[in-house]
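Trainee: what follows is a predicted structure for the sequence shown.
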Amino acid sequence: MPSQYPIVINGNVVNIGMMGTGYFNGSIDEVRIYNRSLSASEALEQYYSNLNKYAIDGWLFITNQSNLTIGTYTYYGYANNTGSLSNTIDTRALYITNPQMAFVSPTPANNAAINMTYAIINISFNESNLKNFTFTWNNSNYSIYDSALVLMFNFDNVSVLGEARIMSQMINLFMEIMVLVLICLIIVIILQENMVMRYYLMVLSRLLMLQ
């Protein structure tokens, strides 16, 4: 709000981020002042959401509905202007379900009898926000994925996970380093006739040809 239009409450000018002569040591964002009391659910929705004005007539509403449980949720937006004109966006539904899991090949069929000393079990499931995965074998539980896991790389070169890009970058970086080393060896050989350096140069050249 411009300084020429101060917020005055009970004759006192409201200074956001300041009390007396002391200033708040931090960052303040999304300030809202209402002339009515908000319910607990309204205050929580304000915490989840943000209405941003980015132009004279441009608005952007973003909300992050958290702590959802299994069930069906509907949502839409409604707005009207000072001329009593209004509009409503279409109503949409959101379904929160359990992770979808299934045994897939080559998992043995239920109650199968096999004549091998090993069994391959393949479980497929879809979940973009996985919190934990536990595998139970012969009544013993094994936590494969949980909050204690801080780093996970399968190195399967899965492009949708960006692994192909990372692998490509690593290869390019390796090649660049090898080229720089090769240049340095050539310079050393030029400056001084060294048979050992000639040998390293030959080995490095062969490595580059194998890439």
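Mentor: Yep, it's here.

Trainee: so in this structure, where's the weakest helix or strand by average pLDDT?
Mentor: Lowest mean confidence among the helices and strands of the chain (mean pLDDT, DSSP states H and E): helix 195-210, at a mean of 64.

Trainee: secondary structure element holding the closest residue to Pro106 other than its chain neighbours?
Mentor: Closest residue to Pro106 apart from its sequence neighbours, by C-beta to C-beta, 6 or more residues apart in numbering: Ile120 at 5.1 Å. C-beta: built from backbone N, CA, C; applies to glycine. Ile120 is located outside every helix and strand, with elements delineated by DSSP states H and E.

Trainee: from Ile114, how far off is Ile120?
Mentor: 10 Å (C-beta to C-beta, to the nearest Å).

Trainee: Phe174: what secondary structure?
Mentor: helix (DSSP: H, G, I helix; E, B strand; the rest coil).

Trainee: any idea how far it lies from Val181?
Mentor: 11 Å.

Trainee: got it, and Ser27?
Mentor: Noted for Ser27: a distance of 47 Å to Val181, by C-beta to C-beta.

Trainee: who's more crowded, those two?
Mentor: Val181 (15 against 6; other C-beta atoms under 10 Å).

Trainee: surely the more buried one is in a strand?
Mentor: No. Val181: not assigned to a strand; according to three-state DSSP it is helix.

Trainee: do you know the pLDDT at it?
Mentor: Looking at Val181, its pLDDT stands at 79.

Trainee: any idea how far Ile16 is from it?
Mentor: 59 Å.

Trainee: quick one: mean pLDDT for stretch 105-121?
Mentor: 93.

Trainee: can you start the count at 51 instead of 1 from here on
Mentor: Sure, I'll start counting at 51 from here, so that last one is stretch 155-171.
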